[in-house]
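**Q** Everything below, folded, please.
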Amino acid sequence: MPPQDFKKLTDYWHDLSIKHKVTSQKLFKLGDYPAALFYAHLSMETFLKELIVLTSRDHAPYVHGLAYLAGKIPVEADKQDVELLERLNKFNVQSRYPHEVMALYEITSEECKILLQAAERLKQWFRRALKIK
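**A** Numbers count the residues shown, from 1 in each chain. The predicted model follows:
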């Protein structure tokens, strides 16, 4: 990939991840916890795609599964981290289908807060593990 394309692509994924994180935080403050976690999933997805591009110097796969995307990064997430990614992934898929949405509305503020904090800690861990600022 030419350097100018590489820079554009990593900037795109990075900026989008930040935008989704900010949206997630705003939705949390409004008390819309399923939507906050939907955007937390999008933030994690775009973050992982940024890391894939940074480490492979190639395009990220056209998929949304967080555990799959994390598996494309040259550091291994532990079992607890993979479980977190799978839990976040449910908010991406299930929140789109009305018959499954009702169960998501049972999530409490505290549960949502814990998931959001865990997602941010995992992002920090990936950056440290890959020595990315």
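
**Q** Model confidence for the residue nearest the centre of the chain, exactly?
**A** With distances taken as CA atoms, centre = their mean, the residue of the chain nearest its centroid is Met44 (1.1 Å). As predicted, Met44 sits at a pLDDT of 98.

**Q** so it sits right up against Phe91, yeah?
**A** No: contact criterion CB atoms under 8 Å: Met44 and Phe91 do not qualify, at 10.3 Å. Quick note: C-beta positions are derived from backbone N, CA and C, even for glycine.

**Q** thinking again about what came up before, just to confirm, which helix or strand has the residue nearest to the centre of the chain in it?
**A** helix 33-56 (DSSP states H and E).

**Q** for the helix or strand just after that helix, what is the average pLDDT?
**A** Downstream of helix 33-56, the first helix or strand assigned by DSSP H and E is helix 66-70. Here helix 66-70 scores 97 as its mean pLDDT.

**Q** and helix 66-70, how far out from the chain's middle?
**A** 9 Å (CA atoms, centre = their mean, to the nearest Å).

**Q** By mean pLDDT, point me to the weakest helix or strand of this structure.
**A** Ranking every helix and strand in the chain by mean pLDDT, DSSP states H and E puts helix 98-104 at the bottom, with a mean of 63.

**Q** Give the other helices and strands that the helix or strand just after it contacts.
**A** The helix or strand immediately downstream of helix 98-104 is helix 109-129, counting by DSSP H and E. Counting contacts by 3 or more CB pairs under 8 Å, 6 or more residues apart in numbering; DSSP states H and E, helix 109-129 packs against helix 3-30, helix 33-56, helix 79-93.

**Q** so which of those helices comes closest to Tyr62?
**A** The closest of the helices and strands packed on helix 109-129 to Tyr62 is helix 33-56. By CB to CB, the value is 9.7 Å.
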